[in-house]
Each structure stands twice: as structure tokens, then as C-alpha cells.
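>>> Dropping a prediction and its sequence here:
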Number of protein chains: 2
Amino acid sequence: MTAASVGTKTRILDAAEKLFAQNGFEATSLRDITAEAQVNLAAVNYHFQSKESLIGAVIVRRLEPVNRRRLAMLDAAGPAPTLEQIVEAFIAPVLEAEMPNVAPLIGRVFSNPAEFAVRVFKEELAPVARRFDEAFAAAVPGIPPDERFWRMHFMAGAMTHMLALWDVIPMLAPMPVQPGDRRELVQRMVRFLAAGFRAPIMEAKD
Amino acid sequence: MTAASVGTKTRILDAAEKLFAQNGFEATSLRDITAEAQVNLAAVNYHFQSKESLIGAVIVRRLEPVNRRRLAMLDAAGPAPTLEQIVEAFIAPVLEAEMPNVAPLIGRVFSNPAEFAVRVFKEELAPVARRFDEAFAAAVPGIPPDERFWRMHFMAGAMTHMLALWDVIPMLAPMPVQPGDRRELVQRMVRFLAAGFRAPIMEAKD
DNA sequence: GTCTATAACCGGATAGAC
DNA sequence: GTCTATCCGGTTATAGAC
């Protein structure tokens, strides 16, 4: 790699990210990627050992900054963040990630429960999830841990559904949906999800 | 097809359903399917013209009864169902569908926004969505149509996330999750989502 | 209707020259 | 580090015998 031009490795990552986001992991061949990146096919196996590990590299490169931003937003809300602030810190950095690539890419992971992809994702996510769980516990006292677990997944589900379907949504919506509406969408989600978190818990099971 | 044994066509549908649910549409080859069904490879292209149309047939066969059950539950709740009854009618028939196959299968569709699969799904779903939207409008007055649209998608997202991740969840959960807990899960979701639907709407945008 | 056989092609991976 | 050439197995789909 010369100092002046973008390295082969980066070009591969960029191309793979774009195509994975657009068409999914399985539907994207290494040949598609090398064509897009204008590099040689063998370069992929040289820099990354296999397609699987390339997928992992693509995910990690983008997920890490998003997770850092989530934690930063949580910290920025002070020592006792409101429920709304916590929910926003969890979803906004994801939904507002660069839309052409990053957000759909993240959406692909949870929708494609390919064993190894989920594993990579989970490794990146575990510490973040713990921090948020603690924040939720403090902000909404009285919710048992297992209920918190499910509610965090309801939240994650609403979020990833938006990521996965973002480009199909305009076809389904009764009204025009513009890309610029993403901040508004975040606000809608925050209200909906915060109310859900505040729902009364179930009485002891029958 | 003899009268006594299960026909080739049905055996193909059964096998395809099982493998699609387990491994996804792309990851499942016609050879996998014919091996599982113990029929000849060519039989697939005889009975269904292509893999795509086989996928469509598999989806429609299972989605139709689920949607009928949803509408039946909605009707059974009387002329003025509560919000909780509406949410339950929407999610319970899906989440309580035969888990080994049907539920994960439905989860695959929305998670794999393959153009044609979404199209098939949407065709089956459109009239149901309209009925539910009307019910929501009646049960929670004062929510504008576009807000209802988004909230129904938040609900659908939480639901499909559970479908897609059901078999991975045990690995993530801090407590044991048993298959029998599905009715309990439905109740948890109903409370969370109903509270979300009742959340105050956003004031005019800033 | 159901089979065998095969066409025609695409996938990931690697050996070895430069 | 980057190329060419190639291996080899898997993919959908179909032609034609039975």
C-alpha cells in the first residue's frame, strides 16, 4: 500500500461493506467484491483468510465506533439519565449511522442468524448491553432482570426491523418517507419504547 | 401421488419449509431439499417451476392460516376490542405457530428483504394490516395515521426479532428459557407494546 | 409423473510466478 | 503484496428415457 492511495485492504473492506449492506452476506460473492473494489480476487484471501473472517472484519470496523458513540451519549446524559435518554443513546447512534452502508449492515446481522456472525456481533455488543442494562435498572426500578432482558430485546427488535426494512418502507408507507425523517423516527421510537419500558410488570404467573 | 401416501409435492413443501426455517432461503439448495424429502431433484422443477416460486409456495401455505387465525382472534374480541386484545391477536398466532418450522420461517422473510419474498409476504399481509390499523384507530383515538403506521412497525419488529432469534436467545439470556415460555412471552410483549401504543404523541415538530 | 444424466455455470480457495 | 491460472465442488435447470 502506498502512502498516497487507499490501500487494497481498505478498498476491499469498503466494497464488501457496500455489497453486504445492499444484498446480504450470502448473496455477495468474493468475485462481486473484488470487481467492485477493482482488486484481484486472490487479494481477499491474502488479506483476510476467508470470506467468513472478511465478514467479521467488516462488521467490527463499523460496529465499534457506533458502540463507542452509544456509551458516550449515555455518559453525556449524566449520572442519572432519564429513561428517554437511555433509549435514545441506545438507538440513535445506530439509526443515524451512515445510511447507505452502516445501518443496513447492522440490520443484516441480526436478521441473518448465521452462527458466526451472531457470535462476532455478540462479542462486540456484550459490554455495551451490560452498561445499558444497569442504566435501565436504575432508571426504571422495580423491573426484574428477566423482564428487563426481554424488554431490551423488544427495543432491539423494533430498531433492527427499521434497519433491515428501511429501503422497503417507502413502498409500504401510506405517506412519503424521506431520508431526512430519521431524527424524527428516533423521537417516535423513543416515546414508544420508553412507554413500553414503563409498562406495569406481570403479576406472578397463573 | 397415491391416495395412501403423502404426495411428492407435499413432501417437497414440508422439507423445504423445515430447511428454509433452519438455514434460510439462500443457504438451502434444492439438493438439500430433495435429499430431505427423499424425492428426485427434477421433481422440484416439475412441480414448482423454480426455486423462487417454491419459496413463495412455502410461505403462502403457512402464512395464510396464521393470518386467518389473527383475524378470527380479532373478531372474537367483539366489536370494540381493547388495545391489549388487538395486540395479542396480531402477535399470538405468529409466535405460537409451530415453532420448529412456521414461526422461524416467517421471521426469515422480513429479515431477508429479498425483493420477491417481501412482495409475496406483503400481498398476503396487506388486507390483514388494514383491518388491524382500523382496530388500532378505534381503540386508541387521537393517534394520527402516520404515527399508527410507525407504531405498527415497531410492534412487527419486536415480533419478528423474537422469531428470527428464538433459537439464539437461550445463549444470550441470563436465565434459562424454555420452549413452554412462549405464552408468557406473548403476555410480556402485549404489555410492553400496548403501553407503547398509548404513549403520548409528539407535539408538532420543532 | 418420476427418474437418470448432464448441461452450463458460479462459488471459495490456493499454488506458484513475478 | 499482487498477479494468473486452476482446482474442485456445488448450483439451478433441463433433455430425454421410462
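Structure received. Numbering: from 1, shown residues only, chains lettered A, B, ... in the order given.
>>> Helices along chain A, start to end?
Secondary structure of chain A (DSSP state H): helices at A:8-23, A:30-37, A:41-47, A:51-76, A:83-95, A:102-111, A:115-139, A:145-165, A:169-172, A:182-197.
>>> Let me have those helices in JSON lines, extended by mean pLDDT.
JSON lines is the format used below for these (pLDDT from 0 to 100):
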{"stretch": "helix A:8-23", "mean pLDDT": "94"}
{"stretch": "helix A:30-37", "mean pLDDT": "96"}
{"stretch": "helix A:41-47", "mean pLDDT": "96"}
{"stretch": "helix A:51-76", "mean pLDDT": "95"}
{"stretch": "helix A:83-95", "mean pLDDT": "97"}
{"stretch": "helix A:102-111", "mean pLDDT": "82"}
{"stretch": "helix A:115-139", "mean pLDDT": "88"}
{"stretch": "helix A:145-165", "mean pLDDT": "93"}
{"stretch": "helix A:169-172", "mean pLDDT": "78"}
{"stretch": "helix A:182-197", "mean pLDDT": "96"}
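>>> Please identify the most buried of the ones you listed.
Among the helices of chain A, helix A:102-111 has the highest mean neighbour count (mean count of other Cβ atoms under 10 Å in any protein chain shown), at a mean of 24. Every C-beta, even on glycine, is put in place using the N, C-alpha and C of the backbone.
>>> how far off helix A:8-23 does that one point, in degrees?
70 degrees (axes from the mean of the first three to the mean of the last three Cα atoms, to 10 degrees).
>>> helices or strands up against helix A:102-111?
helix A:8-23, helix A:51-76, helix A:83-95, helix A:115-139, helix A:145-165, helix B:102-111, helix B:145-165 (3 or more Cβ pairs under 8 Å, 6 or more residues apart in numbering or on different chains; DSSP states H and E).
>>> residues near A:Q38, how many?
9 (other Cβ atoms under 10 Å in any protein chain shown).
>>> gap between the spatially closest residue to A:G142 that is not a sequence neighbour and A:I143?
Using Cβ to Cβ, 6 or more residues apart in numbering or on different chains and skipping the chain neighbours, the partner closest in space to A:G142 is A:I201 (7.2 Å). Going from A:I201 to A:I143 by Cβ to Cβ, to the nearest Å gives 6 Å.
>>> circling back to that earlier point, what's the closest of the helices and strands packed on helix A:102-111 to B:Q38?
Nearest of these to B:Q38, taken as Cβ to Cβ: helix B:102-111 at 21.0 Å.
>>> tell me the angle that closest one makes with helix B:83-95.
100 degrees.
>>> Next, the angle helix B:51-76 makes with helix B:102-111.
Relative orientation of helix B:102-111 versus helix B:51-76 (the same axes, to 10 degrees): 110 degrees.
>>> hmm, who's touching helix B:102-111?
With contact meaning Cβ atoms under 8 Å, 6 or more residues apart in numbering or on different chains, helix B:102-111 is reached by A:110-112, A:161, A:164-165, B:17, B:20-22, B:24-25, B:58-59, B:62-63, B:66, B:94-97, B:117-118, B:120-121, B:156, B:160, B:162-167.
>>> Dump that helix to CSV, restricted to CA.
The C-alpha coordinates for helix B:102-111 follow below in CSV (Å, rounded to 0.1, in the frame of the first residue of the first chain):
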residue,chain,number,x,y,z
VAL,B,102,-43.5,-22.0,10.9
ALA,B,103,-42.5,-19.2,13.2
PRO,B,104,-38.8,-19.1,12.2
LEU,B,105,-39.9,-19.3,8.6
ILE,B,106,-42.0,-16.1,8.9
GLY,B,107,-39.1,-14.5,10.7
ARG,B,108,-36.9,-15.2,7.7
VAL,B,109,-39.0,-13.3,5.3
PHE,B,110,-38.7,-9.8,6.9
SER,B,111,-35.1,-10.4,7.9
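>>> now it, how far from the centre of its chain.
6 Å (Cα atoms, centre = their mean, to the nearest Å).
>>> Next: stretch A:37-44.
On the basis of Cα atoms, centre = their mean, stretch A:37-44 sits 27 Å off its chain's mean C-alpha point.
>>> how close does A:M162 sit to B:H153?
Separation of A:M162 from B:H153 (Cβ to Cβ): 7 Å.
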